[in-house]
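K.L.:
starting from these lines, generate the structure:
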Amino acid sequence: MFFNTNQLFTIGQFAKLHEINKKTLMWYDEVGILKPAIVKENGYRYYTFQQSSLLETILMLRDCNMSISEIRNFLNNRSASTLEHLLSDKISELDSTIAHLKTVKAILEEKKNTMSTIRNLEISDISIIDKKEAHTFVTVTTSQDVPLEKEIEKIVAEAKKHQLHRLHDASYGAMLPVENLYRGDFCAYSALYIELPFPTHQKGLHIQPAGKYLRAFCKGHWNQLPNRYMEMLNYAKEHRFTFSGFAYEKGINEPVIDTLEEYITQIEIPIRTK
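P.N.:
So this is what the prediction gives:
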């Protein structure tokens, strides 16, 4: 389709051509980023087809959430170089936004899967599961001499170094060495952890390995956990396998409960067959 380059479009026609509201064109005129080619004595605004490219550029920049002042600065210094640098900055911002949204999606999917597990959960069950992928944890060492709230502050501060802004952006829990389990020392935790919802190759992180795990759940106060660990030890002995590494604990229903009596702790321990 070819347009007469001298053809004038009314504000309504020009708005329709670019699929926008004519009030948008009036606003662009008011803020000084796109003025009509002609304003007749009766106040009617007219645009030329040559202005279409400029309008589309403005609309593109607005789609990138660029402010009017930013657009005005660009238009006052318009060149291939300034547009290249401007678009490069916006692409970087979009990459960051996309990465953040992917993380949010992973968090939501994990929480959704957890809620599905809770709905179909039989608390008394002990089962063997197969973790297909390794998981990455930020950890801090625990000590009986340090109050729990201080340890939580440490793990939150450590997690923020990895672009986690809130504790509930990811699963979190505690790690208990299996040698302590075999000694019957069920309260000798070695670390608190936060699971990162995205892959990373940064050093100093704990890797929960892929493979087979024994999984069980405990409902109620944490003082009931030792009994549950005894049941898991007996199950392992009966089925002739041993534990390795750490027992990983995490609460799975905190968003949907009001009391500690309803609290469900998930326990997963890596297993090896004899």
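
K.L.:
buried set for the helix or strand of the chain with the lowest mean pLDDT?
P.N.:
Among the helices and strands of the chain, helix 148-160 carries the lowest confidence by mean pLDDT, DSSP states H and E, at a mean of 74. When burial is assessed from 16 or more other CB atoms under 10 Å, helix 148-160 yields the following buried residues: 151, 155-156, 158-159. In this view, the C-beta of every residue, glycine as well, is placed from N, C-alpha and C.

K.L.:
any idea which helix or strand comes after that helix?
P.N.:
Moving toward the C-terminus from helix 148-160, the next helix or strand (DSSP states H and E) is strand 172-177.

K.L.:
which neighbouring elements make contact with that following strand?
P.N.:
strand 191-195, strand 246-251 (3 or more CB pairs under 8 Å, 6 or more residues apart in numbering; DSSP states H and E).

K.L.:
next, format these as a markdown table and append mean neighbour count and mean pLDDT.
P.N.:
Shown next, in a markdown table, are the helices and strands packed on strand 172-177 (neighbours: other CB atoms under 10 Å; pLDDT from 0 to 100):
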| stretch | mean neighbour count | mean pLDDT |
| --- | --- | --- |
| strand 191-195 | 23 | 89 |
| strand 246-251 | 22 | 96 |
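
K.L.:
in TSV: the ones you listed, plus distance to Met115.
P.N.:
Putting the helices and strands packed on strand 172-177 into TSV (distance: least, CB to CB, whole Å) gives the following:
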stretch	distance to Met115
strand 191-195	17
strand 246-251	13
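
K.L.:
so which of these comes closest to Gly211?
P.N.:
strand 246-251 (12.6 Å; CB to CB).

K.L.:
what's the angle between the closest one and strand 172-177?
P.N.:
Angle of strand 246-251 versus strand 172-177, following axes from the mean of the first three to the mean of the last three CA atoms, to 10 degrees, is 150 degrees.

K.L.:
tell me what angle strand 246-251 forms with strand 191-195.
P.N.:
Using the same axes, to 10 degrees, strand 246-251 lies at 60 degrees relative to strand 191-195.

K.L.:
list of residues touching strand 246-251?
P.N.:
Surrounding strand 246-251, the residues in contact under the criterion CB atoms under 8 Å, 6 or more residues apart in numbering are 171-178, 181, 190, 193, 208, 225, 229, 263-270.

K.L.:
what's the first-to-last distance across stretch 114-133?
P.N.:
The straight-line separation of the ends of stretch 114-133 (CA to CA, to the nearest Å) is 17 Å.

K.L.:
give the buried residues for it.
P.N.:
Residues of stretch 114-133 classed as buried by neighbour count (16+ other CB under 10 Å): 114, 126.

K.L.:
got a list of contacts for it?
P.N.:
With contacts defined as CB under 8 Å, 6+ apart, stretch 114-133 is touched by 208-219, 231-232, 235, 252-253, 256, 264, 268, 271.

K.L.:
state the distance from Glu261 to Ser171.
P.N.:
Between Glu261 and Ser171 the distance, using CB to CB, to the nearest Å, works out to 22 Å.

K.L.:
swap in Tyr263?
P.N.:
Using CB to CB, Tyr263 is found at 15 Å from Ser171.
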